[in-house]
Every structure is written in structure tokens, then in C-alpha cells.
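In: Please work out how this folds:
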Amino acid sequence: MSNGLGDGATVQSVDRALTILKLLARDGELGVSELAATLGVHRSTAFRLVATLESHDLVEQDTDRGRYRLGVGVVRLAGATSARLDLVRESRAVTPALARAVGETVNVAVLAGREALYVDQVAGPSALQLHHWVGQRIPLHATSNGKALLAHAPAALREEVIAAGLPVLATRTVTDPGRLRAELAEVRRRGYATAVDELEDGLSAVAAPVLGADGSVVASLSASGPSFRMPETAIAAVAEQVMAAAQEVSARMGWFGPARR
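Out: This next block holds a predicted model:
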């Protein structure tokens, strides 16, 4: 068990590293001696901090002058945040109409490691007791959003998810690796994923991928509701509406090619 001393030193180092990033954002370029003086630490401590930041591409060194500036890693982090904000904004121009059309809850999710992260939700007129999904992480193998994302993820990630185990969450959760692989291939062929009694008994959902400007899958869009209102016989019709909405969001995200199906 930690005695707390190491934890305190770690927190202090994180605080100093973040301060370095703020200083570089403000001043553009700074040398190690300037950073050490501002932080009130020894030069060797400042050097270790910037070296760690440099190893993560958060800062880079001007080889001619030996001064440091913000690196491309900061741009990547900012770009990821911006892309997610863009996704929510652009999808909101489409999802309320879909929720009204199908009468059910519409969710938007992104891939987050080996899970699906829900980033937006719009309730349809039939939703009475709404479960708030935004901010929640859901297993990829047991949800329509998860399967839509996993079907278009790199094969290595699909196998990683399978190797980690496919736990039973409801009556019809897919737990057989071969069956899941076959279903993901079918998702890629037909353009949408389904989940009926797989995350929760009595819950049905259908999802389609959302594409970014380069044609890669950046998110999934789903409609879900109780199985008595969305029986399996109705899923194909709902899927057409979901795919059309996903294609519209894709266009708003900069993709003008065919739908991914």
C-alpha cells in the first residue's frame, strides 16, 4: 500500500508538467533555464519534465536554439476533442428528426478502447422513463452501436475484444467468437447492426456507422426502444431510417461518398 509520499510527488510533477504546457502556450518558446526559474525548481528537474513531455510529443525542441515549444501531440489531443464536439453538433442537426420519426431514443457513440462511449442522446416521443446513456461506456459485443463500430474497426481490435472475453449481459448476448465474427461481417455487408435482448432483456436497437471526411468510421448512430415497440419484424424498416440519418450526419462531417454498406 502506498504511504502517500510517492503519490504527492507524482501529483506535484503532473502539476509542474501542466504548468510547462501553459507557459509554452503563452510564450511560444522557452529554454530549460527559463522554465526552471519560473517553476522554482532545479534545472535538472525542469529538464526531466520537458524530456517526459517530449517523449509524448507534447513538446518539441528547436535543435538550433535548444528552446522548447508545444509539440504535435497537443494538436492531436485538441483535434480529437474538436472532432468529438463537431460530431455532437453536426449530429444534433439530424437526430431529433430521426427520434421523432421512429418514436424512440437516438444515441451517438464513438469507439473508446474496447468499449463504446455514448456522446449524445435524443429522446423520442415514446420514451417514458429515459435511461441517460451519455458518458457511459458499453461493451462492444452486446450493443448495436458497439457492433457497428467494431465491424469497421481494425481486425486486430476485433480479435482483442474477443480474446478479452464476451460476457453474458442478457438472454441473447452473443458470446461465441465465431458467431460474433460472422455477425460483424454481415454488419459490413448490409450497413447496419442490431441488438435484441443482448444488452438488456426487452431492449431492441439498430445502429449504422457515421463516416468522417476521409471515409473512416468515426461514430455510430442508433435508435433503441423496448422490444414490444420495436419487434424484430420492424427492425429492417427502422434500419433504413437510421442508415439514412447516419449518411446525413456523415455528409455534415465532410463525407460525400457512398454509405458504408
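In: now the helices for this structure?
Out: 5-27, 32-39, 43-55, 72-91, 95-102, 144-151, 155-163, 177-190, 232-252 (DSSP state H).
In: Of these, which is nearest residue 113?
Out: Nearest to residue 113 among these is helix 155-163 (9.0 Å), distances taken as Cβ to Cβ. C-beta here means a position set from N, CA and C on the backbone, and glycine is covered the same way.
In: Now for residue 212: which residues touch it?
Out: Contacts for residue 212 (Cβ atoms under 8 Å, 6 or more residues apart in numbering) come out as 83, 218, 250, 253, 254, 255.
In: what's the closest of the helices of the chain to residue 171?
Out: Among those, the nearest to residue 171 by Cβ to Cβ is helix 232-252 (13.6 Å).
In: tell me what that closest one is packed against?
Out: Packed against helix 232-252 by the contact rule (3 or more Cβ pairs under 8 Å, 6 or more residues apart in numbering; DSSP states H and E) you find helix 72-91, helix 95-102, strand 193-196, strand 203-211, strand 217-226.
In: Need the winner for burial among those.
Out: Most buried of these, by mean neighbour count (mean count of other Cβ atoms under 10 Å): strand 203-211, with a mean of 28.
In: Just checking: what are the partner strands of it?
Out: Within its sheet, strand 203-211 is paired with strand 193-196 (antiparallel), strand 217-226 (antiparallel), according to DSSP bridges.
In: Restricting the selection to alpha carbons, write the shortest one to PDB.
Out: To tie it back to what came earlier, the one meant is strand 193-196. C-alpha atoms of strand 193-196 as PDB (Å, rounded to 0.1, in the frame of the first residue of the first chain):
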ATOM      1  CA  ALA A 193     -26.000  -3.600 -36.800                       C
ATOM      2  CA  THR A 194     -28.800  -4.900 -34.500                       C
ATOM      3  CA  ALA A 195     -29.100  -6.000 -30.900                       C
ATOM      4  CA  VAL A 196     -32.200  -7.600 -29.500                       C
END
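In: From here on, call the first residue 50.
Out: Okay, using 50 as the starting number, the last item reads as strand 242-245.
In: Compute the distance between residue 273 and residue 228, please.
Out: 21 Å (Cβ to Cβ, to the nearest Å).
In: Can you check the pLDDT for the residue nearest to residue 251 when sequence neighbours are not counted?
Out: Nearest non-adjacent residue to residue 251, counting by Cβ to Cβ, 6 or more residues apart in numbering: residue 276, 5.2 Å away. With respect to pLDDT, residue 276 has a value of 87.
In: same deal with the one 4 residues further on?
Out: As predicted, residue 280 sits at a pLDDT of 85.
In: could you list every residue that touches the most centrally placed residue in the chain?
Out: The C-alpha lying nearest the average C-alpha coordinate of the chain belongs to residue 159 (Cα atoms, centre = their mean; 3.2 Å). When contacts are counted by Cβ under 8 Å, 6+ apart, residue 159 touches 133, 136, 165, 166, 168, 198, 267, 268, 269.
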